[in-house]
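Asks: pasting the structure only:
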Ligand SMILES: Nc1nc2c([nH]c(=O)n2[C@@H]2O[C@H](COP(=O)(O)OP(=O)(O)OP(=O)(O)O)[C@@H](O)[C@H]2O)c(=O)[nH]1
């Protein structure tokens, strides 16, 4: 989408905070995108848009409370990526999260699961693919990050 008043203007980024929750066995938490959102039903890492005045950590804590009912202890940005979707140009601020409190509760009707690499769930949001690749590299996993992919 371009700016109607100025079609040559660069698209503005939508800033997004994303959490890579890592369990004690190294499993990764994936969840499905709720109905009504672009790419509904695709698997993603939990997170959402950063609101005005929020830091990445504050936004991520709010999003994970709203979506999953948990409270994260802390989050530091690990990687920043960009992805150009038809619906938005997003800048994704990825945080690894190792510690949280509360019970998981799917507050937006989504589904969650813990996954090792390669992932067995599909389809996965295209914007998450570089991060899966980095996680696989860190773990010395060669080959596709999606089983059968
Ligand atoms: N949460 C999340 N978003 C991702 C991932 N990968 C990726 O490209 N995105 C993109 O980042 C954006 C996140 O926005 P969202 O729609 O989930 O955010 P939100 O919950 O604040 O939505 P809303 O306020 O519109 O209801 C979407 O454009 C989504 O496609 C990912 O792994 N997790």
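Replies: Here it is on my side, so go on. In this text the structure is predicted, and so the values were computed from the model without any measurement. Numbering: from 1, shown residues only.

Asks: Enumerate the residues of this protein near the ligand.
Replies: 16, 18, 37, 39, 44-49, 83, 85, 88, 90, 92, 125, 127-128 (Cβ under 6 Å from any ligand atom). For every residue, glycine as well, the C-beta is placed using N, CA and C.

Asks: What subset of those is buried?
Replies: In the residues of the chain next to the ligand, burial by neighbour count holds for 16, 18, 39, 44-48, 83, 88, 90, 92, 125, 127-128, counting by 16 or more other Cβ atoms under 10 Å.

Asks: Taking the residues you listed together, which two end up most distant?
Replies: Maximum pairwise distance in those, criterion Cβ to Cβ, is 17.7 Å, between 46 and 88.

Asks: Now for residue 7, how many residues are close by?
Replies: Residues within reach of residue 7, counting by other Cβ atoms under 10 Å, total 7.

Asks: typo on my end, it should be residue 64
Replies: With other Cβ under 10 Å as criterion, residue 64 counts 25.

Asks: tell me the contacts of residue 28?
Replies: Residues in contact with residue 28 (Cβ atoms under 8 Å, 6 or more residues apart in numbering) are 20-22, 45, 114-117, 119, 135.

Asks: got it, and residue 38?
Replies: 85, 87-88.

Asks: re the thing from before, please produce TSV containing the contacts of residue 28, extended by pLDDT and secondary structure.
Replies: Putting these into TSV (pLDDT from 0 to 100; DSSP: H, G, I helix; E, B strand; the rest coil) gives the following:
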residue	pLDDT	secondary structure
20	98	strand
21	98	strand
22	98	strand
45	98	coil
114	98	strand
115	98	strand
116	98	coil
117	98	coil
119	98	strand
135	98	helix
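
Asks: Pick out whichever of the residues you listed sits closest to the ligand.
Replies: Nearest to the ligand, judged by Cβ to the nearest ligand atom, of the contacts of residue 28 is residue 45 at 3.9 Å.

Asks: Would you state the strands of this structure in chain order?
Replies: Shown for the chain, the strands assigned by DSSP state E span residues 13-21, 28-32, 43-44, 47-49, 71-72, 76-84, 89-97, 100-101, 112-115.
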